[in-house]
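Engineer: this one's structure only:
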């Protein structure tokens, strides 16, 4: 993937996350479509990068070069284009799916469905069989996918709430000269 494609994809993901933030203004069908797009992006990121970040260690460089690595003349930090793990949107979806997997039996089944549908991309028939639904239950399968999207949306909304975004406690400040008066 080129950097232009990655930048465009990140802009699309940012737009989708913004739309999720504005969920009260968007109808449910649009929300489900946006969550579906985010989950497709998550599956693509997981297939390409996995869960590991492929950053080399200093000791690995020392072992590879039997000492200090040769200097190439270019100094400074370089922006890592690939191998640095999931992007923010995919990491949030991954955390939401992991939270589902830690839930009750139905939530764990939904997490398994997410893995099968978006990460492994197996056929619907195999998904139905592995999740444990009745063979040929297309409508039931669609209801499970809808439930999956709704649960992931709820997790994303909870993870991106106002409380998570504030890093500083907002309290009223008192002047030093007024401390004795209190």
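Structural biologist: Arrived safely. All of these numbers come straight from a predicted model, not from anything done at the bench.

Engineer: From here on, just use CA atoms for contacts and neighbour counts.
Structural biologist: Will do.

Engineer: pLDDT weak spots in this structure?
Structural biologist: Low-confidence segments of the chain (pLDDT under 70): 1, 15, 18-26, 50-61, 63-66, 68-84, 161-182.

Engineer: just the helices in it please.
Structural biologist: For the chain, the helices defined by DSSP state H occupy 3-21, 28-49, 58-65, 88-101, 105-114, 124-131, 138-159, 162-165.

Engineer: Any chance of a markdown table for these, columns mean neighbour count?
Structural biologist: Formatted as a markdown table, those follow (neighbours: other Cα atoms under 10 Å):
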| stretch | mean neighbour count |
| --- | --- |
| helix 3-21 | 14 |
| helix 28-49 | 18 |
| helix 58-65 | 11 |
| helix 88-101 | 19 |
| helix 105-114 | 20 |
| helix 124-131 | 16 |
| helix 138-159 | 17 |
| helix 162-165 | 9 |
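
Engineer: so residue 112 touches residue 101, yeah?
Structural biologist: Yes. Shown here, residue 112 and residue 101 form a contact pair, counting by Cα atoms under 8 Å, at 7.5 Å.

Engineer: Residue 43 touches residue 119, doesn't it?
Structural biologist: Yes. Here residue 43 lies in contact with residue 119, judged by Cα under 8 Å, at a distance of 4.3 Å.

Engineer: residues near residue 104, how many?
Structural biologist: 10 (other Cα atoms under 10 Å).

Engineer: Quick check on it: phi, psi?
Structural biologist: phi -70, psi -170 (degrees, to the nearest 10).

Engineer: Could you measure from it over to residue 110?
Structural biologist: 10 Å (Cα to Cα, to the nearest Å).

Engineer: same thing with residue 126?
Structural biologist: From residue 126 to residue 110 the distance is 15 Å (Cα to Cα).

Engineer: show me what contacts the spatially closest residue to residue 91 that is not a sequence neighbour?
Structural biologist: Nearest non-adjacent residue to residue 91, counting by Cα to Cα, 6 or more residues apart in numbering: residue 42, 7.6 Å away. For residue 42, the contact set (Cα atoms under 8 Å, 6 or more residues apart in numbering) comprises 89, 90, 91, 93, 94, 118, 119.
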